[in-house]
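# I need the structure of the sequence given here:
(4 chains)
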4 protein chains.
Amino acid sequence: MPSQSALHPASGQFENGEHRFPVRVYFEDTDLSGVVYHANYLRYMERARSDMLRQLGIDQRAAQEAGEGVYAVTDIALRYRAPARLDDDLTVRSQLTQLGAARCVITQSVWREDTELTRGSVTVAFLDSTGRPRRQPADWIDRFSRLAPIPS
Amino acid sequence: MPSQSALHPASGQFENGEHRFPVRVYFEDTDLSGVVYHANYLRYMERARSDMLRQLGIDQRAAQEAGEGVYAVTDIALRYRAPARLDDDLTVRSQLTQLGAARCVITQSVWREDTELTRGSVTVAFLDSTGRPRRQPADWIDRFSRLAPIPS
Amino acid sequence: MPSQSALHPASGQFENGEHRFPVRVYFEDTDLSGVVYHANYLRYMERARSDMLRQLGIDQRAAQEAGEGVYAVTDIALRYRAPARLDDDLTVRSQLTQLGAARCVITQSVWREDTELTRGSVTVAFLDSTGRPRRQPADWIDRFSRLAPIPS
Amino acid sequence: MPSQSALHPASGQFENGEHRFPVRVYFEDTDLSGVVYHANYLRYMERARSDMLRQLGIDQRAAQEAGEGVYAVTDIALRYRAPARLDDDLTVRSQLTQLGAARCVITQSVWREDTELTRGSVTVAFLDSTGRPRRQPADWIDRFSRLAPIPS
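Residues are numbered from 1 along each chain as shown, chains lettered A, B, ... in the order given. Just a heads-up that it's a prediction; the model follows:
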């Protein structure tokens, strides 16, 4: 039997600048139509973005607790092509496609094996404690920039 | 003290073809940034669409239980302008802006008094039990058509 | 057509010291078994408790923003007897059954007409910003005490 | 860089008859008080029970789709001792403590390292498609019984 140290929450990784993050579908995610409720893909995509930051060494919680700022979603556009079902193993693919001073655009898609279920883009802005956009920490920009050539 | 019959869940109404639906913000809706979590606006908007159908005399649950079909969201596009907070009284405004054989586009926005917090559009398709698009019931199309002149 | 002023979110009222609060079931509340997901009754019950406070003139949000404190749930015990379904009109009945310096016990049940679906009790503690229990504001205790004779 | 095969969702394991399942806290789980919203521990605990069944070779989704039956929660009792926060790595420990013909009691607790945050028990009943309790599949009972001596 493996030791307890083998236990860890789902964690993603980068492949050629694209972040991949695994998600399993639970009862909580479905609705009576038998498939995943549409708003819950946004939860999956947010988990993936949070993991992407963690993999890059960016500590959102510390920034939030220190009053430096927090990301807020400003725009989403999503197309739903095929439904996910209970127990499905999904992968969320995320790619940073625009990087501004106070803003990132991330293109995200949700896959079950080779089938793309959902695709879209999410724009986030870094906000200070009064809710106004502010420059992302320079160190974060550096970390994003190392990811891949980004068409600014 | 008013009689129990005064108790009823939030219910919307039409004004000039636009449906208005009230929502109050609870703890469950917020996240640690102190405002409503972005995916939860989609829940508010879905409640509003369900109420819109109910006000039009369309019984989604009966159609689902009879195996006739169910609406699924196929596209969303949303812009978040300002956050909602705990205890806020919000209004979701919904307008049917396209009506196809198997598909509706609804333009929706979320307001706190005169401030628009979120605006976007949601496309839904009517699906049979295998997940394939099918014609919406003719009676439903009739009811939608009575709403307002719709640019097809 | 009624004026816009008729629009307001669900709101409860007291009857003989018992608070009653209406809830409608939406798609977001159900899971693939076709009924309301068990954890979501806790959301309904929290909405009812928040409305109960509001009806008593207690402003949770102001207390939270002023750093005075916030209620946290410390214990729940729930029995599920019968399921709620999409579009159901439910009533949450809430009664304050114990009132301590820093703590309240509320007995709550969820009904569809004359059928009790779920019943249980929820204990909440008033916590300061470090998470330690503190006395509830004296004015709040007064307001609770006016509700009904409470077996301390 | 590790191959894609390294990607998989969180998965638990048994240690001496106790199931352990890892959970990470995301924004969606928190509320404005800065910690995990109380109802969301029930979601974590349900994920752990579903994983426990999966580890035992029990396929809930197949049973549900074949119309054999589905588990429904009938009773919960939970004590909240300490809060979980954004980014926390939690472990849900689950132990089957009663096994009846149509019913299981599972004792569950949520830990952050050596700190127990929440503890309680959940009773589930196996229901047929009309919502009436029925015997759990004999093979499932066998699999549960191999877990550990259970006080019936």
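# Just the element for residue A:14, please.
Counting by DSSP states H and E, the element that carries residue A:14 is strand A:13-15.
# Also residue A:95?
strand A:89-99.
# Show the residue spans covered by the strands in chain A.
Taking DSSP state E as the test, the strands found in chain A are A:13-15, A:18-24, A:70-80, A:89-99, A:103-112, A:115-127.
# Including distance to residue C:39 and mean neighbour count, could the ones you listed go into a markdown table?
Every C-beta, even on glycine, is put in place using the N, C-alpha and C of the backbone. Converted to a markdown table, these look like this (distance: least, CB to CB, whole Å; neighbours: other CB atoms under 10 Å in any protein chain shown):
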| stretch | distance to residue C:39 | mean neighbour count |
| --- | --- | --- |
| strand A:13-15 | 31 | 16 |
| strand A:18-24 | 17 | 22 |
| strand A:70-80 | 24 | 20 |
| strand A:89-99 | 21 | 19 |
| strand A:103-112 | 23 | 20 |
| strand A:115-127 | 24 | 19 |
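# need those strands in JSON lines with mean pLDDT and distance to residue A:63, can you?
Output for the strands of chain A, formatted as JSON lines (pLDDT from 0 to 100; distance: least, CB to CB, whole Å):
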{"stretch": "strand A:13-15", "mean pLDDT": "94", "distance to residue A:63": "21"}
{"stretch": "strand A:18-24", "mean pLDDT": "97", "distance to residue A:63": "19"}
{"stretch": "strand A:70-80", "mean pLDDT": "97", "distance to residue A:63": "7"}
{"stretch": "strand A:89-99", "mean pLDDT": "97", "distance to residue A:63": "17"}
{"stretch": "strand A:103-112", "mean pLDDT": "98", "distance to residue A:63": "14"}
{"stretch": "strand A:115-127", "mean pLDDT": "98", "distance to residue A:63": "9"}
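# nearest to chain D, of those?
Closest approach to chain D among these (CB to the nearest CB): strand A:18-24, 3.7 Å.
# what pairs with residue A:30 across the strands?
residue A:36 (DSSP bridges).
# burial count for it?
Neighbours of residue A:30 under the rule other CB atoms under 10 Å in any protein chain shown: 22.
# Any figure for the gap between it and residue B:97?
Distance, residue A:30 to residue B:97, using CB to CB, to the nearest Å: 29 Å.
# Would you point out which residue is most central in chain A?
Computing the C-alpha centroid of chain A and ranking residues by CA atoms, centre = their mean puts residue A:49 first, at 2.0 Å.
# residues contacting that residue?
Applying CB atoms under 8 Å, 6 or more residues apart in numbering or on different chains, we find residue A:49 in contact with A:94, A:106, A:108, A:122, A:124.
# ditto for residue A:47
Residue A:47 neighbours (CB under 8 Å, 6+ apart): A:10, A:21, A:23, A:92, D:24, D:26, D:28.
# Distance check, it against residue D:130.
For residue A:47, the distance to residue D:130 - CB to CB - is 36 Å.
# do residue A:65 as well
51 Å.
# The two - which one has more neighbours?
Set side by side, residue A:65 and residue D:130 show unequal neighbour counts under other CB under 10 Å, the larger going to residue A:65 at 14 against 6.
# Pull out the buried positions in the longest helix seen in chain A.
In chain A, taking DSSP state H as the definition, the longest helix is helix A:40-55. For helix A:40-55, the buried set under the neighbour-count rule, 16 or more other CB atoms under 10 Å in any protein chain shown, comprises A:40-54.
# Residue B:102: which of those is nearest?
residue A:41 (21.7 Å; CB to CB).
# so that closest one touches residue A:78, yeah?
Yes: at 6.9 Å, residue A:41 counts as touching residue A:78 under the criterion of CB atoms under 8 Å.
# Give me the common contacts of these two.
residue A:118.
# Next to chain B, which bits of chain A? Give me the list.
The interface of chain A toward chain B, taken as CB under 8 Å from any CB of the partner chain, is made up of A:32-33, A:35, A:38-40, A:42-43, A:46, A:64, A:70, A:72-80, A:82-83, A:131.
# Also near chain C: which of these, exactly?
Okay, of these touching chain C (CB under 8 Å from any CB), that's A:32, A:33, A:35, A:39.
# Next, work out how far apart the third one and chain D are.
Translated: residue A:35. The gap separating residue A:35 from chain D is 12 Å, by CB to the nearest CB, to the nearest Å.
# number of nearby residues for that residue?
Neighbourhood size, residue A:35 [other CB under 10 Å]: 23.
# Verify the stated contact: it with residue A:85.
Yes: the pair residue A:35 and residue A:85 qualifies as a contact (CB under 8 Å) at a distance of 5.7 Å.
# With adjacent residues omitted, what lies nearest to residue A:145?
residue A:99 (7.0 Å; CB to CB, 6 or more residues apart in numbering or on different chains).
# my read: the one you found touches residue A:141, true?
Yes: assessed by CB under 8 Å, residue A:99 is found in contact with residue A:141 at 7.0 Å.
# Spell out which residues belonging to chain A are near chain C, please.
For chain A, the contact set with chain C under CB under 8 Å from any CB comprises A:27, A:28, A:30, A:31, A:32, A:33, A:34, A:35, A:37, A:39, A:86.
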